[in-house]
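S.K.: Got a sequence here, can you build the structure:
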Amino acid sequence: MPYWEIFTPENAYTEEDKRQLSKDLTKVYVDFVNLPEFYVVIRFHEMPENTMYVGGEPKNNFVRMVVDHIARQMDDPEFRKLAMSVFEATIAPYVRDRGYDWEIHFDETPIDLWRVQGLMAPPENSEMEKLWAKENRPIPYDEETMLPLEPVPAP
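M.R.: A predicted model of the protein is given here:
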């Protein structure tokens, strides 16, 4: 699961801006690492004037993005470099191109410390994970056999 918290000035983004940025970020995860769409969670926090401080001074044109990665890890330094450039390009229309100052950082949590509706996420690129992606929801499964525990509609 990538979980994004985006702290913005009040009224920095319209509801459509938030929806489109969320779709753009979700697309990165789906296209580059084959994550199910429902893994991507994005929360916007609108910060009233003079509630964001940088270097001890109020900063009213500042956007801060805090991201937790769990479903995939960026272990390889070259992949991290590529990922950062992709994310920077994805957010640029929403920050740089609008004149905002911004920061972004990623934390990574081991996947075994994450559950979705009480379920351990299936292994990366497994048939069960592909089924979760296709159905766009978690499906209970037997961890030993990797088979669904409930009927799944035929395609």
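
S.K.: Stretch 46-65: which residues count as buried?
M.R.: Using 16 or more other Cβ atoms under 10 Å as the test for burial, stretch 46-65 gives 47, 52, 59, 62, 63, 64, 65. Placement of C-beta: from N, CA and C, glycine included.

S.K.: From what I see, the fourth one and residue 49 are in contact.
M.R.: No: with contact defined as Cβ atoms under 8 Å, residue 62 does not count as touching residue 49 (11.3 Å).

S.K.: what is in contact with those two at once?
M.R.: Here residue 62 and residue 49 have residue 9 as joint contacts, going by Cβ atoms under 8 Å, 6 or more residues apart in numbering.

S.K.: So which residues of the protein form strands?
M.R.: 2-9, 41-47, 53-54, 57-58, 62-69, 101-108 (DSSP state E).

S.K.: Mind putting these into JSON lines with distance to residue 119?
M.R.: Shown next, in JSON lines, are the strands of the chain (distance: least, Cβ to Cβ, whole Å):
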{"stretch": "strand 2-9", "distance to residue 119": "17"}
{"stretch": "strand 41-47", "distance to residue 119": "16"}
{"stretch": "strand 53-54", "distance to residue 119": "40"}
{"stretch": "strand 57-58", "distance to residue 119": "43"}
{"stretch": "strand 62-69", "distance to residue 119": "18"}
{"stretch": "strand 101-108", "distance to residue 119": "20"}
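
S.K.: Reformat those into TSV and put mean pLDDT next to each item.
M.R.: Below are the strands of the chain laid out as TSV (pLDDT from 0 to 100):
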stretch	mean pLDDT
strand 2-9	98
strand 41-47	98
strand 53-54	96
strand 57-58	96
strand 62-69	97
strand 101-108	97
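
S.K.: Which of the ones you listed sits closest to residue 139?
M.R.: strand 41-47 (18.4 Å; Cβ to Cβ).

S.K.: if we look at that closest one, which residues are touching it?
M.R.: Here strand 41-47 has contacts from 1-13, 18, 21-22, 25-26, using Cβ under 8 Å, 6+ apart.
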